[in-house]
Structures are given as structure tokens and as C-alpha cells.
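Student: structure, please.
(one chain, ligands or ions: 2)
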Amino acid sequence: MNNRIDVNHVHVAFQTKEGLVKAVNHLSMSFEKGKVTAMIGETGSGKSVLGLSLLQLLPDNSLVSGEAFYENQNLLTMKASEIRKIRGRKIALIPQNPDTSLNPLLKIKRQLLEVVTGNHRQPIKTAIFNELKRYHFTDPERVAEAYPFQLSGGMKQRILAAAATIRQPEFIIADEPTKGLDVLLRHEVYQIFQQMKQDTHIGFLLITHDLIFANHIADHLLVLYAGEIMESGPTQDLFTEPSHPYTKGFIEAQPYKSLTPIPGMPPSLIHLPTGCAFHPRCPYKKTLCQQEKPPLFSVNNRKVRCFLYA
Ligand SMILES: Nc1ncnc2c1ncn2[C@@H]1O[C@H](COP(=O)(O)OP(=O)(O)OP(=O)(O)O)[C@@H](O)[C@H]1O
Ligand code: NI
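Tutor: Numbers count the residues shown, from 1 in each chain. Ligands and ions are numbered 1, 2, ... in the order given. As a prediction, the model looks like this:
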């Protein structure tokens, strides 16, 4: 099947001097083409690690197991030569920081040409200009001749979006595209994504801390905590009525809400708590929560990893 990526029981751990860091723990889900799936959760919850694992972009100290099926192939175990054919062409990554992702020494034209390799120079140039126009560059010829330092932050974000979509991938993984941006620029990125979503049938995996963005654009939400999905379901439902105590706390902690942080800290990923990973911080914990890990319970049209919904 081409229209989804099916993630089954993925584990990612890192070997470190201190011990095994269990960053992603038996995580299962699927990403659909034509939909935006946003992955949210506190820092260190495993969002980026999961995203990078799908393209085999994790460092050498990582241990990855499980499956991520795309077109009947497991992305996680594919040979390097095979995943290279998929990376960028079928599944593209929009990296976080335009300043480190664009080469300061190369003109935009060169950087986009490197993305669309091929022999047919002329059609490729046309493709690049068309793609730039799609992102509201009114004078693509001039932008193509520019160096990154000659462009504003918003323009660079649009270049990165163009570089990702120009090869018409089926999926895009975007890791915190609004991180560290001021309000104006954030809104520009919202618009870029809105447009990518409207104009294409791409499936997006959007990794973000920006819940306003997620609420704006995502069809489906995944809430991660200590490398596990705590809750997943349609975005509107989760925002209007979060079920999991962690989702409630996380939404409440946002600057646009009460800004009340969840008491306590995320657990050590080397020594994960027994039972529910969230129990040490949970206001509703029962004895069972300390002893047994809750499965994902189906509640209405979502899944919740909490015994309150057993
Ligand atoms: N190479 C590595 N070696 C050891 N631990 C790592 C490595 N890479 C990531 N980790 C750990 O894995 C955990 C998950 O990291 P990840 O970057 O996925 O978090 P995140 O949810 O994306 O956080 P943020 O929102 O801050 O980007 C963290 O505890 C991190 O320290
Ligand atoms: Ni991250």
C-alpha cells in the first residue's frame, strides 16, 4: 500500500556510558497520505528520534527494532542503498533550522538543483521556478541567484519547503518548523504548511511544541510521553476534551492557556518507572498504575493509555 506508513512496535534505545536510553518504547501508529499527523509532547519525549528513525538518520549508538512499513518494505531495516532512494524522493525531511540546513556558500539555485538531480537541465530549471512561484516568490529568477544571507528568515523557510516538495514526495517529516521563530515568522510558516497541505496529497508528520500550529493544521494528534503514545485521535477532539491526564496537563501548561506546568519532571529514560510512565506525576494515580502498564484503551474515536478509561 502506498498511501500510508504503518509503524508497529518500534523501539529505539541509545547506548550510552550511563546505560541504555530508551527513547521510543513499543510505539505503533500510522501516517496517512493527504493528512497531517502532529506529534506533540514535552522535550525529550522521543518525537525527533521517531521521525529520524523512519529515514534511518539516527546516530550509530542507536538500537532500533520494530517495523515501519511503506510500500511493503520496512523502512527501519532496509539497506542503506534502498533507503537512500526513498529519502527525499518518497519521504522528505524538512529540517528544523534554515540557517544550518542551507549551505551559506551556495546560491539557492544550486541548492535546489542538488535536490532535483537529473539530466534534463531545462525542465528542472522550469520546475524550480514553478516551485518557487508556488511559495509566493514573485521573482523566482532573482531568488534562485541569491545566497541564503540575502534572504529573510521567512524566505529561507519557504526555500526549505520548496526543496522538500519539489520532488513530489509522498510524505514529509517536518521537525519543529516553527521553533525559535518570532510571531510574524511563525505565522508565515503556518501559511506555508497550510498551502502545502492544500496543494498536495502529501502525508505530513509534523513534530512540534507549537500547539497553536498543531491545532491549526493537524488532522490527527499523537501525544508522546517517555517514548510512548499516551493519547491519539482527531485534533479537534483532543483539544476540546483531552482525556489522558498528561494531555490535560500538557495543554493546560501552554502559554496561551494557564501556563501551569505539570508538577515534577519527565522520568529518566534509563530507569523508566514501573507501570504507567506518567504515574509519578499523575494526580489520578491508583496502585494499579504503579504496577501495570496501561494498554491503549479505545475511548470514543481515540486511544488513551490510562486505566481511568479501562
Ligand atoms: N544519540 C543519542 N544518544 C543518547 N541519547 C539520545 C541520543 N539522541 C537522543 N537521545 C535521547 O533520546 C530522548 C528523546 O529525544 P528526542 O530528541 O526525540 O526528544 P524530542 O521529543 O524530539 O524533544 P524536543 O522537543 O526537545 O526536540 C532524549 O532523552 C534524548 O536525550
Ligand atoms: Ni525534537
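Student: I'd say A277 and I229 touch.
Tutor: No: using C-beta atoms under 8 Å, A277 is not in contact with I229; the gap is 10.9 Å. From N, CA and C alone the C-beta is placed, and that goes for glycine too.
Student: buried residues, the helix or strand of the chain with the lowest mean pLDDT. List them.
Tutor: Among the helices and strands of the chain, helix 98-101 carries the lowest confidence by mean pLDDT, DSSP states H and E, at a mean of 77. With burial defined by 16 or more other C-beta atoms under 10 Å, the residues of helix 98-101 counted as buried are P98, S101.
Student: sec struct for K303, please.
Tutor: strand (DSSP: H, G, I helix; E, B strand; the rest coil).
Student: residues in contact with it?
Tutor: Going by C-beta atoms under 8 Å, 6 or more residues apart in numbering, K303 touches I229, E231, S232, G233, L296, F297.
Student: again with L205
Tutor: So L205 contacts F31, T37, M39, G51, L54, F171, I172, I173, A174 (C-beta under 8 Å, 6+ apart).
Student: spit out the contact partners of the fifth one.
Tutor: Right, the one you point to is L54. Contacts for L54 (C-beta under 8 Å, 6+ apart) come out as I5, V7, A68, L75, L76, I91, I173, L205.
Student: quick one on the thing from earlier: output the contacts of L205 as TSV; include the columns pLDDT.
Tutor: As requested, the contacts of L205 are exported to TSV (pLDDT from 0 to 100):
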residue	pLDDT
F31	94
T37	97
M39	97
G51	95
L54	96
F171	95
I172	94
I173	95
A174	94
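Student: let's see which of those residues end up in helices.
Tutor: Using DSSP state H, the subset of the contacts of L205 located in helices is G51.
Student: in strands, which of the contacts of L205 appear?
Tutor: F31, T37, M39, F171, I172, I173, A174 (DSSP state E).
Student: what about the fourth one, neighbour count?
Tutor: Other residues within reach of F171, judged by other C-beta atoms under 10 Å, total 23.
Student: cool, and the second one?
Tutor: When neighbours are counted by other C-beta under 10 Å, T37 registers 23.
Student: and it, what does it touch?
Tutor: M29, F31, G203, F204, L205, L206, A218, D219, H220, L221, L222.
Student: and these, which two are the farthest apart?
Tutor: Of all pairs drawn from the contacts of T37, the greatest distance, 14.7 Å, lies between G203 and L221 (C-beta to C-beta).
Student: look at these two and report which has more neighbours.
Tutor: L221 (26 against 23).
Student: which residues touch that one?
Tutor: With contact taken as C-beta under 8 Å, 6+ apart, L221 is in contact with T37, A38, I40, A214, E231, S232, G233, P234, T235, L238, F239.
Student: need the residues of the chain near ligand 2, please.
Tutor: When proximity is defined as C-beta under 5 Å from the ion, the chain approaches ligand 2 at K47, S48.
Student: recalculate using a threshold of 8 Å.
Tutor: The chain comes close to ligand 2 at residues T43, K47, S48, V49, G51, Q96, D175, E176, I207, as judged by C-beta under 8 Å from the ion.
Student: now these in CSV, with secondary structure?
Tutor: Shown next, in CSV, are those (three-state DSSP):
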residue, secondary structure
T43, coil
K47, helix
S48, helix
V49, helix
G51, helix
Q96, coil
D175, strand
E176, coil
I207, strand
